[in-house]
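Asks: When you get a sec, could you give me coordinates for this:
(2 chains)
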Amino acid sequence: MCRLALKTATEPFSPYSILTAMEAMQEGYDGSGLGLLLRGLEFTDFNYKIRTTYPVLSGIAHTGEALARLNSLMEKWGYKLKYTHEFDVNHSMIEAKDRNTYILRVYKTPDHWVYFDQEHIESELMATRIDLRRNGEENGGDLTVFSFWPDVAMIKEVGWPLEIGKALSLHDNRLKARVVMAQGRQNTNYGINLYACHPFFIQGIATMTNGENTAFVPIKEWLAGTHYPGYIGYQSDSEVFAHILHYVVKRLNLPLEAYKHVITPLKTEELLRHPQGDFLRGLRDVCRRLIIDGPNCVMGSLPDESCLLVMDHKKLRPATIGGKPGEWAMASEMCGVDAMIPDRDRSLDYQPMRENTIIVPPDRKEFKIWSQFEPFPLHQAA
Amino acid sequence: MVSIRTIPSTPGSLTPVDLQWVISHREDRCTLCGHCTSVCPTGAIYLTYRRQRMPKLDLLQKKRGSEYRVFTGIRQRTEVGSRCIGCGMCTAVCPNEAIGPNPNATDARVRLLMNDKGGAWTRGGRRNSPESLLDRIMFNRISMLTDPALDAGRHEFYMNTLLGRVLPPEEYLRRKATGEWIPPVREIFPFVIGSMSFGALSPNMWLGLLQGVAYCNEILGIPVVMATGEGGCPPWVLRSPYLKYIVLQIASGYFGWDEIIRAIPDMQCDPAAIEIKYGQGAKPGDGGLLMWFKVSKLIARLRGVPEGVDLPSPPVHQTLYSIEESVMKMIQTMSMAWDFRVPVYPKISGSTSAKSVLNNLVRNPYASGLLIDGVDGGTGAAYNISMDATGHPIASNLRECYLDLVAQGKQNEIPLFAAGGVGKNGNVTQNGMALIMLGASGVHIGKYIMQSAAGCLGSERNRCNVCNIGLCPKGITSQNPKLYRRLDPDQVAQRVVDTFMAIQTEMKKIMAPLGRSQSLPIGMSDAIGINDADVAERLKIRYIC
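Replies: Purely as a prediction, here's the structure:
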């Protein structure tokens, strides 16, 4: 089983502190990988605060040639490189030997994009990420691209989390973030692959999971059948969680609470008693191919820095949230929360049940416990 | 040349070893009660007087000679029309286990003479082949350590499926916001009692099925529905609150629809769905057929025809000029009759053209699903050649259609139902779940229900299979009160309930190790495998050995 840690705080913090939480939970993973997602970025060498609309490219160039190709492609597409975060890498501590450069770069978007609306910009950014990824795949996998989005950075590597953190010198405080998501273990049932590391990312939306989605294949087939360009990959059965969240929030324009109703809908007899049962039953029917199965705890974060935590319908996986105003931590084990925010009132910790969605809004004053049995905040139809 | 008539042999004469079923009779056990001869549906056995020579050797007398005894014995007829069908009713009634049919291990030459008086072989039942591809599919994606297996006995499972047109999510939200029509969707148990008409089945059988279905729904909460087949529905059912468990079928003969249409104003609830039958797996290209001896007074009244006439439905609907027109006319008319509150879907026979039908339905906003009936489907009456050699096996037909929908991203929208040979060898849940994982939203079972719930004796080794002549020895497919009184509707209902309870448990026993409980694993093709590389490639599932 994988271990998950997510911390969100008003004050940016070093991602290394999350890796110490992962270390506290190390009994639960096998060092097959680490994925980190950082949101609300702060670099000591670059003032990103005034340029938060600039997209950040995260990935790995496995050869110098791949890096050169990346540079020429980005240049060709009209992106201007504004900042390159140079990781202080100790290659001897990294298991894999084909890591030329860890990419974390800030770009300025092409000038003519000023005429594009937000949706157009978002689809262009996604297209760039997919094109780069495809380019890497076409060249023997020499270029891996995790994300290309404003204010989001991702690091994925094979090995033990703390070791990877040390190897990339994440403790040097040159890189900080307000939201950090970390997951420590790769695929259970599919091959080890960098793209298979959680968190998964699409258009600013990211999720990570500790569990297994047994309904993976029908969900994947349905998502792929929508022919949406970003619904690709699926090296891991958990990738669909991110895509479903994206589908619900971005394409159906439903509130965050709808996610839970889509992935683990209530039973018919429960919906018959629900104030918006008719609408929700219809939603369940039309989204039935997106119903997940198996044991899962899903943690996610959105572009506005709100964070989310939901459980599978049988609550077969653990998760705890705890913290204090301005600083909240979610982890798959309580010791993970302890490591991230030790000085909190533990009596206020909460372990969500099968019907709960925990939402930490961007203001981070308190977390919201929302139950599926409660009225659904939908203006349009319900 | 004049033939010699001293040897009683003609081209058409047979001996018991030429028949498919050979009666073995133990005279030492027989009490000559005559039960077997009176119960035999085809009159294949008869009591007869026989003479037997008793050789006698008396050493003290010069006179040699024999004595004869006369005894009453049971013999088997060898005429094609009264051949033994292997039903075994004689064994069932024999107080002394003295008689019974045995399958002929040598070549049953009778097969060559099933064209008496120029008539081709007709029968009921299914394709006479016990082989089943579905039986060979295994569920092999087992949750163990990477994720916990579920507890079939204690966890909650959601096993229902949807019958009805499901909108794309975006369209649903749009219509909900504007208050437009949302197509009706029924939540049903994925094993549906397939179309068997009131007429093909005896009144007692029908009543038993209906009672069982109502009990499953109202007491056990298993939302089982049953389809009527062509031939209407008894008026008391049409006006009852149980109509909601009934799928009304309209077929090319339109039998029984006067009665249905007239009952609409008095209906207490809507039917579960309307099935438009365009084809049947057992006899593609044929319409329904009810032989004259099954058209009793009651059936004649229901169907609005005279008593005792053959009722052959045409192979196509009168409205059928093109598929577009047919679908438009029939689906929309039927939808309109119930004010667009009832799902309407077509049933077709498995065919290489199934995909084109499907693609047409996808573009029709009123089509609520598609039922494909494979070559192994059963029927009450058809030509043997239609049953044995005409049609398409369900597995690849269904899979192709499902993958076609997947490619279009429409697999959530038009539910596919599969039928034809589900439970052929008794493995009903395994067969049904295999089809579901190949992409079916549910399956229809007809023959299996007759076998399981009413003790139908028919088999794919050509046992019994005389549903067409109204002589069903169990009273399941007969309209003769002397025969159907053998069947107690309450006992049928009990067996229906037993069957569905067991199916439900077996479904859990399949879903639990796969780690599935939240939704029916439709299209979960990563969970199944088969030990045949070619089949695996064709069905796009895993090859296992």
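
Asks: Spatially, what comes nearest to the residue in the stretch 351-500 of chain B positioned nearest to chain A if we skip its sequence neighbours?
Replies: Evaluated by Cβ to the nearest Cβ, the stretch 351-500 of chain B has B:G409 as its residue closest to chain A, separated by 2.8 Å. C-beta here means a position set from N, CA and C on the backbone, and glycine is covered the same way. Nearest non-adjacent residue to B:G409, counting by Cβ to Cβ, 6 or more residues apart in numbering or on different chains: A:G225, 2.8 Å away.

Asks: what about residue 300, helix or strand, and which?
Replies: No chain was given, so I picked chain A. Using DSSP states H and E, A:G300 sits in strand A:297-301.

Asks: please go with chain B instead
Replies: Assigned by DSSP H and E, B:A300 belongs to helix B:297-303.

Asks: Now do the same for the closest residue in space to B:A440 that isn't next to it in sequence: its pLDDT.
Replies: Spatial nearest neighbour of B:A440, excluding adjacent residues (Cβ to Cβ, 6+ apart): B:A418 at 4.0 Å. Each residue has a pLDDT score; the one for B:A418 is 97.

Asks: packing partners for the strand holding A:G300?
Replies: strand A:4-13, strand A:175-183, strand A:205-209, helix A:239-246, strand A:307-311 (3 or more Cβ pairs under 8 Å, 6 or more residues apart in numbering or on different chains; DSSP states H and E).

Asks: Let's have those in JSON lines, adding mean pLDDT, distance to chain B and mean neighbour count.
Replies: Shown next, in JSON lines, are the helices and strands packed on strand A:297-301 (pLDDT from 0 to 100; distance: least, Cβ to the nearest Cβ, whole Å; neighbours: other Cβ atoms under 10 Å in any protein chain shown):
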{"stretch": "strand A:4-13", "mean pLDDT": "94", "distance to chain B": "15", "mean neighbour count": "23"}
{"stretch": "strand A:175-183", "mean pLDDT": "94", "distance to chain B": "16", "mean neighbour count": "26"}
{"stretch": "strand A:205-209", "mean pLDDT": "94", "distance to chain B": "11", "mean neighbour count": "29"}
{"stretch": "helix A:239-246", "mean pLDDT": "95", "distance to chain B": "11", "mean neighbour count": "27"}
{"stretch": "strand A:307-311", "mean pLDDT": "95", "distance to chain B": "12", "mean neighbour count": "27"}
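
Asks: Tell me how many other residues crowd the closest residue to A:Q183 other than its chain neighbours.
Replies: In this structure, A:Q183 finds its nearest non-sequential neighbour in A:H198, 3.8 Å apart by Cβ to Cβ, 6+ apart. Counted with other Cβ atoms under 10 Å in any protein chain shown, residues neighbouring A:H198 total 32.

Asks: A:H198 is in what secondary structure piece?
Replies: Using DSSP H and E, no helix or strand contains A:H198.

Asks: what sits against it?
Replies: Shown in contact with A:H198 (Cβ atoms under 8 Å, 6 or more residues apart in numbering or on different chains): A:2, A:4, A:35, A:183, A:207-209, A:236, A:238.

Asks: where does the stretch 301-450 of chain B dip in pLDDT?
Replies: Flagging of the stretch 301-450 of chain B using pLDDT under 70 yields the residue ranges B:319-320.

Asks: got the residue ranges for the strands in it?
Replies: B:311-312, B:344-349, B:370-373, B:379-383, B:416-419, B:442-445 (DSSP state E, counting those that start in this stretch).

Asks: picking up where we left off before, isn't the residue nearest to B:A440 up against B:S396?
Replies: No: counting by Cβ atoms under 8 Å, B:S396 is not a contact partner of B:A418; they are 11.2 Å apart.

Asks: Quick one: mean pLDDT over stretch B:44-61.
Replies: 83.

Asks: Please point out which parts of that stretch sit buried.
Replies: Neighbour-count burial for stretch B:44-61, with 16 or more other Cβ atoms under 10 Å in any protein chain shown as criterion, is recorded at B:44-45.

Asks: go on, stretch A:132-150?
Replies: With burial defined by 16+ other Cβ under 10 Å, the residues of stretch A:132-150 counted as buried are A:132-133, A:135-136, A:142-150.

Asks: Many thanks, I have nothing further to ask.
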